[in-house]
Each structure stands twice: as C-alpha cells, then as structure tokens.
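Engineer: Mind looking at a prediction? Sequence and model below.
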Amino acid sequence: MSKFYHLLGVDSPFDPTHRYTTSWLLPPLVLAIIRALLSLYAFVTIFTIFGYDDSHDTSYKVRQWFSYFTNLTYCGMAFYFLFSALHTFSYARIGKTWLQSWPRPLQAAHAIFYTTIVTFPFLVTIVFWGVLYKNPWFPVAEDAWSNISQHALNSVYALIEIFLMRTSPPPPLHILFLVILLALYLALAYLCHATEGFYVYSFLDPSTGKGHVAGYCIGILVAVCVIFGIVWFVIWLRNKATKNLGKFAHERNPKSKNESVEDGEGGVVEMRQQVK
C-alpha cells in the first residue's frame, strides 16, 4: 500500500518542506491572504449568480447549477482556495499544517484535488470558448461578468497555483483519477437527462449521432491528458528555475537551528525553525 501512496505523491512524512503551503516568491502570510481573497471572490460569484437568478424568475437555473461541469469545478476551486488558505495560515503561524497530521487517504485526496485545480480550469476554458460559446457578446452585464469569472478567471486561478507555488509536478498516476472524475461526470450528465429531461451540453445528445458524441468524449479525454502534460512540464521547469528558493515561516536568526530535509525533488532544502 505504501508503494501505491508513493505513486500518488504521498510519502511519509507528507510534504516535509511544505510545498503545498509555500511560495518561492511570496511569504506564507501573504500567500495565505491571496488564497483567501481568491476563495472569497469565487464564493461571492457563486452566491451572486444564485441571487440574480432567483430575483429574475429564473430560479430553475439554480436547481440545475450543479449539473454543469463548469460549475462543479468552480465550486471545487472555491473550496480548494478556502482550505489551502487555512493550511497556509496555519503554516505561517506555527510552522506546520493540518495536512501533515491527516490520515494518508486524505493526504492523497488533497494531492489529487490540487491536480484537478491546475488542470480542469483550462479544460473548462477551452471547451467553453472554443466549442460551446458561439453567440454575440453577452447583452446582460451580469451574464458577461459571471461567464468571465467562471470561464476565464478560473484559468487565472490555476496559473497562480502553477507559477507561484513550490509544489512538485503531479505524479503521472493522477491522470487515471482525472479520467475517472470525467467518466463520473459523464454518468451524472446522462442521469440529469433521465431525471430532468435536458442535456447539460448539446454535444452529449445522442440524436446528433453516436459517433459525434464519442468524438467529443475522446477529444475531451485527449485534451485533459495534453493539459496534464503541459502543466507537469511547466511546474517542473518552474522548480528548476527557482531551485533552492522558498519563503518559509521562520527566517534565519541568531536563535535558530537548521534542519535539512529531503524536498522530494532530488535535493535538500534547509528548513529554519526557531529554538524555544
């Protein structure tokens, strides 16, 4: 079982140099504040959409909101940045995070969750603007704002995690979980049609041709694999360019001791902790 966890990027101890909660550029407290603000904006967007639809006699959209992959991934981003902010605040304050004391299955879930955050937003952006949106620009300001937030700024969120953090490239095994999540969403989409009578995305309608549906599904599968590969390479390149850089919770001072820990990238990072 330990080998399986290793393939998932979850070793013991978990994240010894705090790659999930530190940046090569920003101090932990600043990083925590940025993550908290990103989460706040995402939640404000979600509840504003709910309020707008309810007040404009389109409350049915709220009931259908969780049927869409876009909205599920956006909701996931809101919660990811909320909890990552809390983990980072914890690290900034006491030099360790709750993540390190979690059971290994939850640590593995967090690692996979991170991978979805740096891959799925790009898939959403590409599919929406490249396949689904074919109308003139949104005539209603609220529609323009909400769609930009969910289909464009979502990728900005992912880029922030990719370029500012010290995370390692996601393990290749994570691709399997991305595919499983997409397959589960496909099942949900057809369940929505069976229970609600509508297709969340027109390209899933078999009346357009089963080959047409299969083509889109295969295209999306290939796209997510390509996105994963690009993200993996960019993170690897970032780590090479910022090797041995990191803003940790405790800076060097005359009353400090140094601890060297394996950083998971084939090197050693010096951790500074205050002596009580």
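Structural biologist: Okay, I see it. Residues are numbered from 1 along each chain as shown.
Engineer: ok, the spatially closest residue to residue 28 that is not a sequence neighbour - contacts?
Structural biologist: Distances taken as C-beta to C-beta, 6 or more residues apart in numbering put residue 92 closest to residue 28, at 3.7 Å, once the chain neighbours are dropped. Bear in mind the C-beta positions are built from the backbone N, C-alpha and C, glycine included. For residue 92, the contact set (C-beta atoms under 8 Å, 6 or more residues apart in numbering) comprises 27, 28, 29, 31, 32, 249.
Engineer: Distance-wise, check residue 92 relative to residue 161.
Structural biologist: 17 Å (C-beta to C-beta, to the nearest Å).
Engineer: try residue 173
Structural biologist: Taking C-beta to C-beta, one finds residue 173 at 20 Å from residue 161.
Engineer: Comparing these two, which shows the higher neighbour count?
Structural biologist: Per other C-beta atoms under 10 Å, whichever of residue 173 and residue 161 has more neighbours is residue 161, with 22 against 14.
Engineer: Contact partners for the more buried one?
Structural biologist: 114, 117, 118, 167.
Engineer: can you count the residues close to the last one?
Structural biologist: Read it as residue 167. Neighbour tally, residue 167, other C-beta under 10 Å: 23.
Engineer: The first one too?
Structural biologist: Applying the criterion other C-beta under 10 Å, we find 21 residues in the vicinity of residue 114.
Engineer: Correct me if wrong, but it is in a strand.
Structural biologist: No - according to DSSP: H, G, I helix; E, B strand; the rest coil, the state of residue 114 is helix, so it is not within a strand.
Engineer: In this structure residue 154 contacts residue 77, no?
Structural biologist: Yes - here residue 154 reaches residue 77: they are 6.3 Å apart, a contact under C-beta atoms under 8 Å.
Engineer: Please identify every residue contacting each of those two.
Structural biologist: Joint contacts of residue 154 and residue 77 (C-beta under 8 Å, 6+ apart) are residue 121.
Engineer: which residues are contacting stretch 191-198?
Structural biologist: 64, 67, 199, 200, 204.
Engineer: Relative to residue 17, which of the residues you listed is nearest.
Structural biologist: residue 67 (40.4 Å; C-beta to C-beta).
Engineer: Measure how buried the nearest residue to that closest one once chain neighbours are set aside is and give me the count.
Structural biologist: Nearest residue to residue 67, sequence neighbours excluded (C-beta to C-beta, 6+ apart): residue 192, at 4.5 Å. Residues within reach of residue 192, counting by other C-beta under 10 Å, total 18.
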